[in-house]
Each structure stands twice: as C-alpha cells, then as structure tokens.
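Student: Below are the sequence and a predicted model; questions follow.
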Amino acid sequence: MTDARESPAAPPAEPEPEVEDAFDRLVDEGEDRLARPWWPLVSTGILGGIDIGTGVLAYLVVLAATDDHLLAGLAFSVGFVALLLARSELFTENFLVPVIAVVARRGSPRQLLRCGA
C-alpha cells in the first residue's frame, strides 16, 4: 500500500476560461478604482455616508413606529440598496477589488492607501 504523501504532486490545474475572465474584469475594475482622482473618491465617500445615514434614519423611524426590530432591520437595508444603486463607496464595500489589482501588480500599495484614506 502506498502512502498518498509520497506520490508526486499533481501539476496545477488550468483555470477555467470563465473564472479567468471574471478575474481579469475584477483586476481591470480595481485598476480603474486605483487611478481615480481624489474628488470622485471624496464625493462617493460622502454619498456613501449619506446613504448609510438614510438607512439608520429609516431604522429609527420604523423602530419608533412599530417597536419591531426585524422590520427596523429591514428598513436599514434601504441604505445599502441606495449605496449599491448610486455606486457610492464605503471603505468596507468591495474593498477587495482594488486589493486584487495591487496583488496582480497593476497598482501600487500607495494607490491602495489613498483609496482607503
């Protein structure tokens, strides 16, 4: 009986074309985000804060009116829907997209820090 640890390592599998295409699109989007000027970063950050603030306001209004935390939590999601529809940005929202561009060596850590500042 042979031990599986002694067998030679299998060659790495080729990525499927769909996966490779999706990765390339993510790297392209990350590169675009890293190259954005400062004023769109600031404006989308401010709008992202307003969107989440709207969700908090909706949460508080529904909680005060119904005293139901589940309904209030659903109302809070209005802010996230607005965030996605307006393509606003938060630090934590899709932050891995620019990181992927840096890992793929199509952006610099300095650009990444600028996006997170």
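Tutor: It's in. Residues are numbered from 1 along each chain as shown.
Student: for the longest helix along the chain, the distance to its chain's centre please.
Tutor: Identified as the longest helix of the chain according to DSSP state H is helix 38-66. Put simply, helix 38-66 sits 17 Å off its chain's centre (Cα atoms, centre = their mean, to the nearest Å).
Student: Show the average pLDDT along that helix.
Tutor: Computed over helix 38-66, the mean pLDDT rounds to 91.
Student: quick one: buried residues of that helix?
Tutor: The neighbour-count check on helix 38-66 (16 or more other Cβ atoms under 10 Å) flags 41, 44-45, 47-48, 51-52, 54-55, 58-59, 62-63 as buried. Yep, even glycine has a C-beta here, placed from its N, CA and C like the rest.
Student: Kindly report the same for stretch 17-27.
Tutor: In stretch 17-27, counting by 16+ other Cβ under 10 Å, buried: Leu26, Val27.
Student: Kindly report the same for stretch 71-90.
Tutor: For stretch 71-90, the buried set under the neighbour-count rule, 16+ other Cβ under 10 Å, comprises Ala72, Ala75, Phe76, Val78, Gly79, Ala82, Leu83, Ser88, Glu89, Leu90.
Student: Can I get these in TSV including pLDDT?
Tutor: Output for the buried residues of stretch 71-90, formatted as TSV (pLDDT from 0 to 100):
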residue	pLDDT
Ala72	95
Ala75	94
Phe76	94
Val78	90
Gly79	87
Ala82	86
Leu83	84
Ser88	78
Glu89	74
Leu90	74
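Student: out of those residues, who's nearest Ile100?
Tutor: The nearest member of the buried residues of stretch 71-90 to Ile100, counting by Cβ to Cβ, is Glu89 at 15.7 Å.
Student: secondary structure class for the residue at minimal distance from the centre of the chain?
Tutor: When Cα atoms, centre = their mean is applied to the chain, the residue found nearest the centroid is Asn94 (0.6 Å). The local conformation at Asn94, judged by DSSP: H, G, I helix; E, B strand; the rest coil, is coil.
Student: ok, Ser88 - contacts?
Tutor: Counting by Cβ atoms under 8 Å, 6 or more residues apart in numbering, Ser88 makes contact with Thr44, Gly45, Leu47, Gly48, Ile50, Asp51, Ala82.
Student: To clarify, my last question referred to Thr54.
Tutor: If you count contacts by Cβ under 8 Å, 6+ apart, Thr54 has them with Val78, Gly79, Ala82.
Student: No more questions from me, cheers.
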